[in-house]
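Enquirer: just coords:
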């Protein structure tokens with residue numbers, strides 16, 4: 001790359017401008033123009049450009065499962081530098097370090113049963129208020145707020161009931177029973193059946209609905225549902 005070609009072009013433009021002005025008779029440039037010579041038309045300067053690779057820094061999240069996909073928190077960007085023939089290097093753009101989050105929590109792959117319940121189920125509260133509070137301390141009602149929760153990390157997810165001793169409030173689970181499209185859910189409720197089954201070594205989770213009747217035709221009930229923990233608790 002010959003970066004000083006711009007200077008050469010500038011010199012020639014100066015000559016052309018002076019010649020044009022002299023041709024029009026503006027000012028007395030005829031004699032001065034004879035002294036203008038291009039002294040740099042044979043001079044070039046070699047400039048070597050170099051891509052500066054970015055580094056990667058890992059941050060570890062003890063609440064996210066090791067099975068969860070690594071998340072890029074800051075996208076890395078390459079930098080750029082120039083080195084002149086005299087050895088002087090100039091950095092035009094510093095590289096940006098890429099930051100990747102990695103889960104370190106215990107693996108969480110389980111096979112169990114997935115059923116459904118509604119806020120108006122027998123034994124449920126009339127308001128459908130789930131057992132877990134949100135991170136801000138507020139309650140969530142299925143009848144008032146619906147069967148979805150907007151998680152700060154995973155977005156709009158379904159609400160699950162599970163044994164809270166094994167799956168703390170806020171645990172994010174990827175649910176796949178082989179019958180419906182896999183989906184993300186958050187543990188925000190519990191039930192006696194879930195607790196009893198977990199105490200006996202079995203996994204049983206309930207998918208929340210606003211009304212019992214809404215759960216019909218959802219193809220749940222499978223005892224071979226795969227529950228993959230993505231994050232443990234809030």
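Expert: Perfect, I can see it now. As the structure is a prediction and not an experimental result, all values here were calculated from the model. Numbering: from 1, shown residues only.

Enquirer: need phi/psi at residue 208.
Expert: Main-chain dihedrals, residue 208, degrees, to the nearest 10: phi -80, psi 140.

Enquirer: so what's it closest to, chain neighbours aside?
Expert: residue 159 (4.1 Å; C-beta to C-beta, 6 or more residues apart in numbering). (Glycine included, C-beta is placed from N, CA and C.)

Enquirer: just give me the neighbour total for the one you found.
Expert: Using other C-beta atoms under 10 Å, residue 159 has 22 other residues around it.

Enquirer: contacting residues around the helix or strand encompassing it?
Expert: When secondary structure is defined by DSSP states H and E, residue 159 falls within strand 155-161. With C-beta atoms under 8 Å, 6 or more residues apart in numbering as the contact definition, strand 155-161 has outside contacts at 117, 130-131, 140, 142, 147-151, 172-173, 175, 183-191, 194, 205-208.

Enquirer: keep only those of those that are in helices.
Expert: Among the contacts of strand 155-161, the residues falling in helices (DSSP state H) are 142, 194.

Enquirer: for the protein, give me the ranges with low pLDDT.
Expert: 1-45, 63, 67, 123, 125-126, 215-219, 221 (pLDDT under 70).

Enquirer: all strands of it, in order?
Expert: 47-52, 56-65, 71-74, 79-84, 89-93, 98-105, 109-118, 148-151, 155-161, 172-176, 183-189, 204-209, 225-231 (DSSP state E).

Enquirer: break the chain down into its structural domains.
Expert: Domain assignment for the chain by automatic domain parsing gives 1-45, 47-106, 109-231.

Enquirer: out of the contacts of strand 155-161, which end up buried?
Expert: Neighbour-count burial (16 or more other C-beta atoms under 10 Å) applied to the contacts of strand 155-161 gives 117, 130, 140, 142, 147-149, 151, 172-173, 175, 184-191, 194, 205-208.

Enquirer: re earlier: tabulate the strands of the chain (TSV), appending distance to residue 124.
Expert: Output for those, formatted as TSV (distance: least, C-beta to C-beta, whole Å):
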stretch	distance to residue 124
strand 47-52	60
strand 56-65	29
strand 71-74	35
strand 79-84	58
strand 89-93	59
strand 98-105	31
strand 109-118	7
strand 148-151	17
strand 155-161	10
strand 172-176	21
strand 183-189	9
strand 204-209	10
strand 225-231	22
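
Enquirer: of all those strands, which lies closest to residue 135?
Expert: With respect to residue 135, and counting by C-beta to C-beta, the nearest of the strands of the chain is strand 148-151 at 9.5 Å.
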